[in-house]
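Student: Need a 3D model of the sequence below.
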Amino acid sequence: MKTHFIAIGGSAMHNLALALHHKGYQVTGSDDEVFEPSKSRLAKYGLLPVQMGWDEDNISEDIDAVILGMHARADNPELLKAQKLGLKIYSYPEYIYEQTKDKTRVVIGGSHGKTTITAMILHVLNKCGVDTDYMVGAQLAGFDTMVKLTEQAPVVILEGDEYLSSPIDRRPKFHLYKPNIALISGIAWDHVNVFPTFNNYVEQFDIFVDLIEKGGKLIYCEDDTEVKKVAEESDNDITRLPYSVPPHVIENGMSFLLTDEGKIPLKVFGEHNLINLNGARLVCANLGVSNKDFYNAIQDFKGASKRLELLGSSDTAAVFKDFAHSPSKVKATVEAVQHQFDNRQLVACLELHTFSSLNIKFLEEYRNSMKVADEAIVYFNPHTLEHKKLPALTKNEVKKAFDREDLIVITDSAELNEQLLGMNWKQKNLLMMSSGTFDGLNLEQLASSVVG
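Tutor: A predicted model of the protein is given here:
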């Protein structure tokens with residue numbers, strides 16, 4: 001098979017390219033810019049484009065499949081040439097389905113927790129020797145790529161993103177996988193630039209449930225009222241399996257599950273992670289993994305990349321970073337750290353970086369999301385607003401939206417660094433939350449200074 005990737009440098013796209021290369025396909029690709037780590041990983045296998053930019057000469061009649069990434073535009077010259085030649089053009093999720101249509105497809109959906117649940121499932125299946133293909137949205141410890149596609153694996157685990165499929169396919173990605181087993185972790189309005197109302201956003205999950213194969217299974221978090229409504233009101237002929245937070249205790253900063261197999265120590269913490277774990281357990285059970293084997297395997301799971309990742313700790317302080325950026329994720333993450341270390345104060349710092357978070361109409365969704373933090377800081381870069389063509393935000397507008405009088409709002413990363421380094425960190429924890437980088441702030445160096 002000869003495949004060509006338009007916009008090969010994307011996080012998901014380059015991983016699919018690597019997976020097909022490992023499968024023995026002939027892979028080519030183009031892009032107008034490729035950043036690390038995609039650049040080095042593509043170069044390692046000879047897949048990095050020799051020249052940056054688009055060239056219609058890259059497209060020829062002998063190509064079996066053209067895979068179109070979101071980074072490309074609808075008027076991309078390579079896309080136009082492929083359309084002219086009548087080649088098969090796939091979005092990323094369409095091609096994932098094409099590769100896995102004869103397998104048992106497990107799709108993990110939801111506004112939050114998708115990557116963590118998918119990572120938990122893969123961790124357990126790997127330790128239990130279950131052969132599975134996968135696609136996950138983060139680099140996982142012990143896994144070489146974020147995508148694995150083989151001929152022999154009977155099962156595939158797919159993280160089901162609700163964002164759009166491609167520039168010419170406006171369907172959400174998770175509508176294209178047609179799961180045999182599906183999971184929904186939670187529903188909280190996101191991607192306001194694509195789904196302008198909450199009802200419009202929820203509707204995507206209604207469609208997702210209706211696309212589960214007949215006789216399939218839906219595993220869903222019954223603690224989330226919207227998820228429960230979507231799951232129970234669908235007319236699809238499927239089995240419904242609800243889950244909730246499992247019995248547990250916290251002792252000396254460590255969480256333990258209370259199970260029929262005894263008291264199970266965990267390396268992850270927070271009620272949201274324990275709920276995620278229970279969902280992962282049900283998925284694994286429906287793939288033939290016993291509860292006993294699941295609990296044995298999950299004990300050394302340390303979390304997915306950038307999900308409550310410990311950057312440094314001492315006897316009196318700890319620094320965590322987390323990918324949290326949407327209101328529901330921020331609230332759950334702040335509460336998790338505060339509850340886990342109730343003998344320490346918590347300083348929570350959030351970067352507004354996404355289109356939704358920087359939109360003044362959406363910003364009020366963050367109200368009370370950082371309420372339990374002892375000190376709360378919000379950072380944003382005014383240039384990011386300009387880049388996204390959004391109206392300017394004032395510090396007072398941010399404070400009003402979060403509904404917290406003592407909220408500290410900072411718009412310069414050097415000032416943020418200075419503010420944090422100037423604090424007394426005795427019996428305090430620091431939580432840094434962002435889908436960005438705080439404009440290049442060295443978090444590892446910051447953590448080292450904080451914990452001494």
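
Student: C-alpha from now on. contacts and neighbour counts both.
Tutor: Noted.

Student: what helix or strand does Leu274 sit in?
Tutor: In this assignment (DSSP states H and E), Leu274 forms part of helix 271-285.

Student: ok, then the element right after that helix?
Tutor: Going down the chain from helix 271-285, the next helix or strand is helix 291-298, by DSSP H and E.

Student: re earlier: how about residues contacting the helix holding Leu274?
Tutor: 113, 116-118, 120-121, 124-125, 181, 183, 185, 219-221, 243-246, 290-291, 294, 332-333, 336 (C-alpha atoms under 8 Å, 6 or more residues apart in numbering).

Student: give me every residue that touches Gln83.
Tutor: Residues in contact with Gln83 (C-alpha under 8 Å, 6+ apart) are Ile89.

Student: Go ahead and confirm Asp293 touches Lys127.
Tutor: No: using C-alpha atoms under 8 Å, Asp293 is not in contact with Lys127; the gap is 9.1 Å.

Student: The spatially closest residue to Ala304 that is not a sequence neighbour: which element?
Tutor: Sequence neighbours aside, Thr116 is the residue nearest to Ala304 in space, at 5.6 Å (criterion: C-alpha to C-alpha, 6 or more residues apart in numbering). Assigned by DSSP H and E, Thr116 belongs to helix 114-127.

Student: picking up where we left off before, just the local confidence number for the residue nearest to Ala304, please.
Tutor: Looking at Thr116, its pLDDT stands at 93.

Student: what does Lys306 give?
Tutor: 75.

Student: again, but for the one 4 residues further on
Tutor: In the predicted model, Leu310 carries a pLDDT score of 91.

Student: before we move on, what about the one 5 residues further on?
Tutor: Each residue has a pLDDT score; the one for Asp315 is 92.

Student: Report the secondary structure state of it.
Tutor: Here Asp315 is coil, with the state taken from DSSP: H, G, I helix; E, B strand; the rest coil.

Student: Number of residues surrounding it?
Tutor: 8 (other C-alpha atoms under 10 Å).

Student: quick one, phi/psi of it?
Tutor: Backbone torsions of Asp315, given as degrees, to the nearest 10, read phi -70, psi -20.

Student: Between Asp293 and Lys127, which has more neighbouring residues?
Tutor: Set Asp293 next to Lys127 and count neighbours by other C-alpha under 10 Å: Asp293 wins out with 16 against 13.

Student: Not counting its neighbours along the chain, what's nearest that one?
Tutor: Cys128 is the one closest to Asp293 (C-alpha to C-alpha, 6+ apart), at 7.2 Å.

Student: now do Asn76
Tutor: Distances taken as C-alpha to C-alpha, 6+ apart put Trp54 closest to Asn76, at 7.5 Å, once the chain neighbours are dropped.

Student: now do Val192
Tutor: Closest residue to Val192 apart from its sequence neighbours, by C-alpha to C-alpha, 6+ apart: Ser356 at 5.4 Å.

Student: pretty sure that neighbour contacts Phe362?
Tutor: Yes: when contacts are counted by C-alpha under 8 Å, Ser356 is listed as touching Phe362 (6.1 Å).

Student: for the stretch 201-350 of the chain, what spans make up the helices?
Tutor: For the stretch 201-350 of the chain, applying DSSP state H, counting those that start in this stretch gives helices covering 225-233, 271-285, 291-298, 327-340.

Student: For the second one, buried residues please.
Tutor: When burial is assessed from 16 or more other C-alpha atoms under 10 Å, helix 271-285 yields the following buried residues: 271-284.

Student: mind exporting the helix holding Thr116 as PDB, just the C-alpha atoms?
Tutor: Only the C-alpha atoms of helix 114-127 are listed here, as PDB (Å, rounded to 0.1, in the frame of the first residue of the first chain):
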ATOM      1  CA  LYS A 114     -10.300  10.200  27.600                       C
ATOM      2  CA  THR A 115      -6.500  10.000  27.500                       C
ATOM      3  CA  THR A 116      -6.200   8.800  31.100                       C
ATOM      4  CA  ILE A 117      -8.800   6.000  30.700                       C
ATOM      5  CA  THR A 118      -7.300   4.900  27.400                       C
ATOM      6  CA  ALA A 119      -3.900   4.800  29.000                       C
ATOM      7  CA  MET A 120      -5.200   2.800  32.000                       C
ATOM      8  CA  ILE A 121      -6.800   0.200  29.700                       C
ATOM      9  CA  LEU A 122      -3.600  -0.100  27.600                       C
ATOM     10  CA  HIS A 123      -1.400  -0.400  30.700                       C
ATOM     11  CA  VAL A 124      -3.600  -3.200  32.000                       C
ATOM     12  CA  LEU A 125      -4.000  -5.100  28.700                       C
ATOM     13  CA  ASN A 126      -0.200  -4.800  28.100                       C
ATOM     14  CA  LYS A 127       0.600  -6.300  31.600                       C
END
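
Student: residues contacting the closest residue to Ile187 other than its chain neighbours?
Tutor: Of all residues not flanking Ile187 in the chain, Ser111 sits nearest, at 5.1 Å (C-alpha to C-alpha, 6+ apart). Shown in contact with Ser111 (C-alpha under 8 Å, 6+ apart): Ser185, Gly186, Ile187, Ala188, Trp189, Asp190.
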